[in-house]
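Chemist: Everything below, folded, please.
(chains A and B)
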Amino acid sequence: MTVRRLLAVGVLLLTAIVVGTIVWLRVPRFTSQATPRAAAAPAPTAPAPPGRKIKARLFYVGDDGMKLTGIERDIAYGEGATEQAREIVAAQIAPVVDPLVSAVPRGTALRAVFLTQGGEAYVDLSRDVITAHPGGTLNELLTVYTFVNALTVNLPAVTSVQLLVDGKEIDTLSGHIDLRQPLAKNLSWVQ
Amino acid sequence: MKFRAIPQLPALTLALLLGLAAVLSSQPPAPPSLTLLSKEGRRALPLTLVGDQEFVALDDLAGPFQIAVREDALGAVTVTYKGKTIVLTPDQALASVSGRLVSLPAPPSRSGRRWLVPVEFVSRALALIYDARLDLRKPSGLLIVGDVRVPKVAVRFDPLGNAARLTIDATPRAGSTVTQDADRLTIKFDADALDALNPPLAPQPAQGIVQGVRLVDQTTMAVDLGPRFAGFRTTSQPVDDTQRLVIDLLALVPSDTPAPPGQSPQPGQPAQPAPPPPAEPPLVFGQPPSAFHTIAIDAGHGGDDEGVKSGEGAKEKDLTLAVARRAKAVVEARLGLRVLLTRDDDRNVPLDERTAIANNNKADLFVSLHANGSMRPSTTGASIFCAAFDKDAAQTAAAGGAERLPTFGGGSRDIELVPWDLAQTRHLDRSERFAEFVEAQFRDRVPLSSRAIDRAPLRVLESANMPAVLIELGYLTNAEQAKLLTSEAFQATAVQAIYEAIVRFRDAFAAGGGTP
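Modeler: Sure, this is the predicted structure:
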C-alpha cells in the first residue's frame, strides 16, 4: 500500500516537472514578441500563400507621372499588426505588369518590418532601393510615399514610417528627401 | 594778289609730319625719375640707374626735404634734418640713423661732386627722422610726402557676352563719382592723386563695348565707350581696405542674331526661323539700397552622384553645374552681388556641407538647382520646391530657446538657439515668396509642371538659415525636354528668369527692410 502511494506521488511529481518544463520553455517565446515586434519577410516576389485574404490599398505611379494612384488589391492576411504590415509591404514591392508602374525600384527586397508602441513603422529594405533608384526629386518622393502611405492608409496603428536600408538609417534615397526620421501620411502625392 | 594752289601740298605736309614723328620716336627714352607728391604739388626727382639699382642724388633731396649734406675728411657723409643725423659710409650698404643701423640695397656712390644713394634711402633712413610720412611706391615711381591721399587704382575688364564689367579697386578706400559724357564715362576719384598705370587698361577692340580706359588728370579716369555700348550701372562697396567700384555695361543686341548652335536646318529640311534670342535683362537702375549681399547657388549632385540621366546620356550633375555657373556670372555681373557656388567642379559635396557654405557665409538666399526624373516618360515641366516640416518639428523650432553666454569684459548675452535641421522653419514664408517670384518669371518662358510650386521634406533645404528653394528645371526622363534642358538657349532663358526673380526678391527685401 505504502509502495503504491509512493509510486503515485512519484508519477504526479514527474508529470508536474514535465508540464512545468514545457510551460517554462514556451513563456519566453511570447515575451520575445514584445516591442519592437519584428517579422522576417519572405522573398517579395513569392506569390501569396493560399489562405485568408484582406483588401488593402496599394500605391503606384499615376498616368500623369506626377502623383501616386491608390489601387485596392487582395493581399495575404497577417496575424497581428506587424505581420500585416509585412504582408502589405511585400505586396507593394512585388513586380507589377503594364499598365501599372511601381515607384519602387525593381529588385528591392524587404528585409524586415518593425512596429513601435508609438505607431512608427520601420521598413528595412535591401540596398537595391538606392542602387536601382533612377533619381529625381519626384521619383524619390513617390518611392518614399509609396511605403509611407501604404502602411499609414491601411493600418490605423501606423502613424508614420521610416525607411531603413540594410538595417541602418539613411539620409536620402537619391539625394533629396530627408529620411532621417519617420514621415507621416501625405495624401497630397496621391491622385 | 592771288595764290596758286599747289596740288602736292597735302602730301608734302603728311610726309613732313611722318618724318617729324619718326625723329621724335627715335629719340632715347626719357631718363628715369621719381614723382614726388605732396600737398604743395608734384615734382620730378631725377634718378640714376647703376646696373638695376635706382639711385637719387642727395643734392636733389636737399631742397624738397630741407636736409643738409656734409662730407667729412674721412669720406663719411652726414645728412642732417632738424638736428637729427644720418651717417653714410662709402662702400657700406648701411646707414646710421640717429645711432640706429639700417640696411640699404647698395652703398652710396659718388658721381663727380654729387653723392648718390639708393632710392630706398628715402623710405628706410630719411623716413625715420622726417616729420611727415614718406611713402615710397617704387613700382609706380611715386614718393608720397605727408597726408596726401593717393589710392592705388587697379582696373579689370571682363567681357560677358552682351554685357561687360569694369572693376576698379582703389586702395586705400577712395570714393568716386561716375558721369556719362557722350561717348565716355568719367570717373572722378575723391583723392589728391592716383597711383595707376597709364593707361590703366590696355586698349580694347574698337567695335566692343569699351575701347579703353585712360587717365585724364591726377584724379580722373575716362572710359572710352565703343559702338556697342547701350547703358551702364554702377555699384560701389568696400572690400577690406579697398573701395570696389563696379561698372556694369550693357551692349546693344544686334537684330540679326544667328540661331543658337545645333539649331541649323538639316539638309533637305526647310529653314526654320531662328527662335528669338533669350531676352537680355534690362539693367536695373536706381534700385533702392539693400542689405541683400550674398546668394548661394547649389549645383545639385556631382562626382559619383550623377543624378538623373536622360536616354541620350545627359547627366543631371552636368546640367546643374552649367546652369549654376551661368547664373553666377549673370547675377554677379548685373547685380554686383556676391554669388557662392556650393561646387564649381564635378565633385560630390555632402548635403550638409552645401547648406553650411550658405550658412557660414551668411547668404541671403539659397537656390538649389536640379533636373527631375519620372517613371513616366511623358512627365514634363519645371517646379519650385520649398522645404516641408511636420507639425512637431515646426513647434520645436518655434519654441526655440536661448542660452545666456558670458562675454569678454563681463556681462552676458542671449544666444538664440535653432536646431540645425530646423533652421529653414523660420524662413518658410520668404522661401515661398521667392518661389512665387521664380514661378512668375518662368511662366511664359520655361515649361512649368502642373504642380509648379510644391513643398517636400528636402534634406538640402532644411538646414538653410535663409530663404531657400530647390528648382527642378525640367525632366531629363522626357526625351524632348532633355534636349531642351541641355540647349544653350534654354539655359540662358532659365537663368534670365531666375535672375529676374532675384531682382524682384531683392527689391522686395529692400522695400520691406529685410523682410519681403
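Chemist: When you work out contacts or count neighbours from here on, use the C-alpha atoms and nothing else.
Modeler: OK.
Chemist: isn't there a helix covering B:Pro139?
Modeler: Yes. B:Pro139: assigned to a helix according to DSSP: H, G, I helix; E, B strand; the rest coil.
Chemist: what about it, distance to B:Asp192?
Modeler: Distance of B:Pro139 to B:Asp192, computed by CA to CA, to the nearest Å: 19 Å.
Chemist: neighbour-wise, which of those two wins?
Modeler: Per other CA atoms under 10 Å in any protein chain shown, whichever of B:Pro139 and B:Asp192 has more neighbours is B:Asp192, with 16 against 8.
Chemist: mind checking the SS state of that one?
Modeler: Using three-state DSSP, the structure places B:Asp192 in coil.
Chemist: Quick check: phi and psi on it?
Modeler: Main-chain dihedrals, B:Asp192, degrees, to the nearest 10: phi -90, psi -30.
Chemist: What of the one 3 residues further on?
Modeler: Backbone geometry at B:Asp195, expressed as degrees, to the nearest 10, gives phi -100, psi 90.
Chemist: Looking at it now. What's its pLDDT?
Modeler: pLDDT, B:Asp195: 88.
Chemist: excluding its backbone neighbours, what's nearest it?
Modeler: The shortest distance from B:Asp195 to any non-neighbouring residue, by CA to CA, 6 or more residues apart in numbering or on different chains, is to B:Lys152 (4.4 Å).
Chemist: Contact partners for the one you found?
Modeler: B:Lys152 sits next to B:Asp169, B:Ala170, B:Thr171, B:Pro172, B:Leu194, B:Asp195, B:Ala196 when contact means CA atoms under 8 Å, 6 or more residues apart in numbering or on different chains.
Chemist: rerun that using 6 Å as the cut-off
Modeler: By CA atoms under 6 Å, 6 or more residues apart in numbering or on different chains, the contact set of B:Lys152 is B:Ala170, B:Thr171, B:Asp195, B:Ala196.
Chemist: Inside strands: which ones of those residues?
Modeler: Members of these lying in strands (criterion: DSSP state E): B:Ala170, B:Thr171.
Chemist: Put the buried members of the contacts of B:Lys152 into a ChimeraX selection.
Modeler: A single ChimeraX command selects the buried members of the contacts of B:Lys152 (16 or more other CA atoms under 10 Å in any protein chain shown):
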select /B:170,171,195,196
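Chemist: which of the contacts of B:Lys152 sit farthest apart?
Modeler: B:Thr171 and B:Ala196 (10.7 Å; CA to CA).
Chemist: Following the helix or strand of chain A with the lowest mean pLDDT in sequence, what is the next regular element?
Modeler: Across the helices and strands of chain A, mean confidence by mean pLDDT, DSSP states H and E is lowest for strand A:37-40: a mean of 44. Once strand A:37-40 ends, the next helix or strand along the chain (criterion: DSSP states H and E) is strand A:53-61.
Chemist: That next one close to chain B?
Modeler: No. Judged by CA under 6 Å from any CA of the partner chain, strand A:53-61 and chain B are separated, with a smallest distance of 7.4 Å.
Chemist: and that strand, average pLDDT?
Modeler: Strand A:53-61 carries an average pLDDT of 96.
Chemist: buried residues in it?
Modeler: By neighbour count on 16+ other CA under 10 Å, the buried set for strand A:53-61 is A:Ala56, A:Arg57, A:Leu58, A:Phe59, A:Tyr60, A:Val61.
Chemist: Equivalent analysis for stretch B:67-77, please.
Modeler: Buried residues in stretch B:67-77, counted by 16+ other CA under 10 Å: B:Ile67, B:Ala68, B:Val69, B:Val77.
Chemist: nearest to B:Ala489, of these?
Modeler: Within those, proximity to B:Ala489 (CA to CA) peaks at B:Ile67, which comes in at 69.8 Å.
Chemist: How much space separates the nearest residue to the closest one once chain neighbours are set aside from chain A?
Modeler: Computed as CA to CA, 6+ apart, the closest residue to B:Ile67 that is not its neighbour in sequence is B:Tyr81, at 4.9 Å. From B:Tyr81 across to chain A, the span is 73 Å (CA to the nearest CA, to the nearest Å).
Chemist: so what's B:Tyr81 bridging to?
Modeler: Taking DSSP bridges, one finds B:Lys84 as the beta-bridge partners of B:Tyr81.
Chemist: Please work out how many residues are found near A:Thr69.
Modeler: The tally of other residues near A:Thr69 (other CA under 10 Å) stands at 19.
Chemist: what's near enough to touch it?
Modeler: The contact partners of A:Thr69, taken as CA under 6 Å, 6+ apart, are A:Phe59, A:Tyr60, A:Val61, A:Gly62, A:Val190, A:Gln191.
Chemist: which secondary structure element contains it?
Modeler: Per DSSP H and E, A:Thr69 falls inside strand A:68-76.
Chemist: Measure how the following helix or strand past that strand sits relative to strand A:68-76, angle-wise.
Modeler: Along the chain past strand A:68-76, the next helix or strand (assigned with DSSP H and E) turns out to be helix A:80-93. Counting by axes from the mean of the first three to the mean of the last three CA atoms, to 10 degrees, helix A:80-93 lies at 120 degrees to strand A:68-76.
Chemist: where's the closest residue to A:Gly70 other than its chain neighbours relative to A:Gly136, distance?
Modeler: Using CA to CA, 6+ apart and skipping residues adjacent in sequence, the residue nearest A:Gly70 is A:Phe59, 4.6 Å away. When distance is defined by CA to CA, A:Phe59 is 19 Å away from A:Gly136.
Chemist: by contact count, what packs against the helix or strand harbouring B:Asp454?
Modeler: Using DSSP H and E, B:Asp454 sits in strand B:448-456. If contacts are counted by 3 or more CA pairs under 6 Å, 6 or more residues apart in numbering or on different chains; DSSP states H and E, strand B:448-456 sits against strand B:382-387.
Chemist: which strands and helices sit next to the strand it packs on?
Modeler: Checked by 3+ CA pairs under 6 Å, 6+ apart, strand B:382-387 has strand B:448-456, strand B:468-475 packed alongside it.
Chemist: and those strands, which one's lowest on average pLDDT?
Modeler: Least confidently modelled of the helices and strands packed on strand B:382-387 is strand B:448-456, at a mean of 94 by mean pLDDT.
Chemist: Flag every buried residue along that strand.
Modeler: Buried positions in strand B:448-456, judged by neighbour count with 16+ other CA under 10 Å: B:Leu448, B:Ser449, B:Ala452, B:Ile453, B:Arg455, B:Ala456.
Chemist: Contact partners for the fourth one?
Modeler: Spelled out, it's B:Ile453. Counting by CA under 6 Å, 6+ apart, B:Ile453 touches B:Ser383, B:Ile384, B:Phe385.
Chemist: one more time with 8 Å, if that's ok
Modeler: B:Ile453 sits next to B:Ser383, B:Ile384, B:Phe385, B:Cys386, B:Ala435, B:Glu436, B:Glu439 when contact means CA under 8 Å, 6+ apart.
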